[in-house]
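Colleague: My questions concern the predicted model and sequence given below.
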Amino acid sequence: MRDVLGIAQANRHTADRIAVALLAPDPRFTRTTDGRWTLVTSVASSPALDTCRFAVVDVETTGTRARRGDRIIEIAVVTLDGGEPRTVFHSLVNPGIPVPPFVGSLTGITEAMLKEAPPFDAVVDALLHAFHDCVFVAHNARFDWAFVSAEVERARGLVLQGPRVCTMRLARRLLPDLPRRNLDTVSYHFGITIEGRHRALGDAVAAAKCLHRLVGIAKDQGAVTLADLTAPVRPSARPPVP
């Protein structure tokens, strides 16, 4: 903004908003997961599922309102390597605000544990590195994305971008007979044990294992690209109902 438009006094947040307004509608530009803008070198097509690198994320928070004062207290990022989860990032996070007793009893995360933990702005660069060239995945991705994007914007003035996949929505579409699609139910359906429920790492590993199984089902139903994964899949052939 300073060098191209001559807006010498624009702060980072304002400059980022201007860049979004100018570049986001233009198909010649795209944005990387760390917030930088780049030229599109060719017509973008949906990547093949076999080439996608998935970053499965889980956060524990002080509450449910990402834009109204609640903060992350723990975050984990797990990738899939040959179908096996691999932890690429995990940290407690000092939220700078009190943790409600309900959250402490649910997660087992205490004020004493968080007192020595780093604030989010101390871990954000490592987190963005973990997201690089990845598809953001979470069980109820809207929740986790809202918190991560709010924290990244607060810490670095960047608007988080990139493709997203929600394993809860995938389960709703691919496992229509399940009575519920929360992480416990989907994990139980696949015979997956959650080691450390309501902790970021345990839940992220379980969600990654569920993703692996769900992607396999989607492929069996004809999914080839990332777009196929998030769009209605073609139903497999079934005998006619008498």
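Modeller: Thanks, I have it.
Colleague: Give me the below-cutoff pLDDT ranges for this structure.
Modeller: Along the chain, segments meeting pLDDT under 70 span 33-34, 41-44, 232-242.
Colleague: Show me the helices in it, by range?
Modeller: For the chain, helices defined by DSSP state H occupy the ranges 12-23, 101-107, 111-115, 120-131, 141-156, 167-174, 183-189, 200-220, 226-230.
Colleague: now the first one and helix 141-156, what's the angle there?
Modeller: For helix 12-23 against helix 141-156, the angle between stretch directions is 120 degrees (axes from the mean of the first three to the mean of the last three C-alpha atoms, to 10 degrees).
Colleague: what sits up against helix 12-23?
Modeller: With contact meaning C-beta atoms under 8 Å, 6 or more residues apart in numbering, helix 12-23 is reached by 1-2, 5, 7, 10, 29, 31, 35, 37, 153, 156-159. C-beta coordinates here come from the backbone N, C-alpha and C atoms, glycine included.
Colleague: repeat that for 6 Å
Modeller: By C-beta atoms under 6 Å, 6 or more residues apart in numbering, the list of residues contacting helix 12-23 from outside reads 1, 29, 37, 157.
Colleague: wouldn't I217 be in contact with L174 here?
Modeller: Yes. The criterion here is C-beta atoms under 6 Å, and I217 meets it with L174 at 4.9 Å.
Colleague: what about these two, which has more around it?
Modeller: More neighbours surround L174 than the other of I217 and L174, with 22 against 16 (other C-beta atoms under 10 Å).
Colleague: can you tell me which residues contact that one?
Modeller: Neighbours of L174 in contact, by C-beta under 6 Å, 6+ apart: 214, 217.
Colleague: Tell me how far it lies from A55.
Modeller: According to C-beta to C-beta, to the nearest Å, L174 and A55 sit 21 Å apart.
Colleague: returning to what we had before: tell me which two in the contacts of helix 12-23 are the farthest apart.
Modeller: Farthest pair in the contacts of helix 12-23 (C-beta to C-beta) is F29 and G157. Separation: 18.7 Å.
Colleague: Who is the residue lying closest to L127 once chain neighbours are set aside paired with across the strands?
Modeller: With C-beta to C-beta, 6 or more residues apart in numbering as the criterion, L127 has its nearest non-adjacent residue at 5.8 Å, and that residue is F89. Bridge pairing for F89 (DSSP bridges) gives the partners V77.
Colleague: Okay, F89 and F131: tell me how far apart.
Modeller: F89 is 9 Å from F131, by C-beta to C-beta.
Colleague: How about T193?
Modeller: 27 Å.
Colleague: hang on, the earlier thing: looking at the helices of the chain, spot the one closest to R68.
Modeller: With C-beta to C-beta as the criterion, R68 lies closest to helix 141-156 of those, at 9.6 Å.
Colleague: List the contacts of the closest one.
Modeller: 57, 59, 61, 66-67, 72, 120-121, 124, 138, 158, 160, 164, 166.
Colleague: Mind listing what's buried along it?
Modeller: 141, 143-153, 155-156 (16 or more other C-beta atoms under 10 Å).
Colleague: now stretch 77-93
Modeller: Result for stretch 77-93 [16+ other C-beta under 10 Å]: buried residues 77-80, 85, 88-93.
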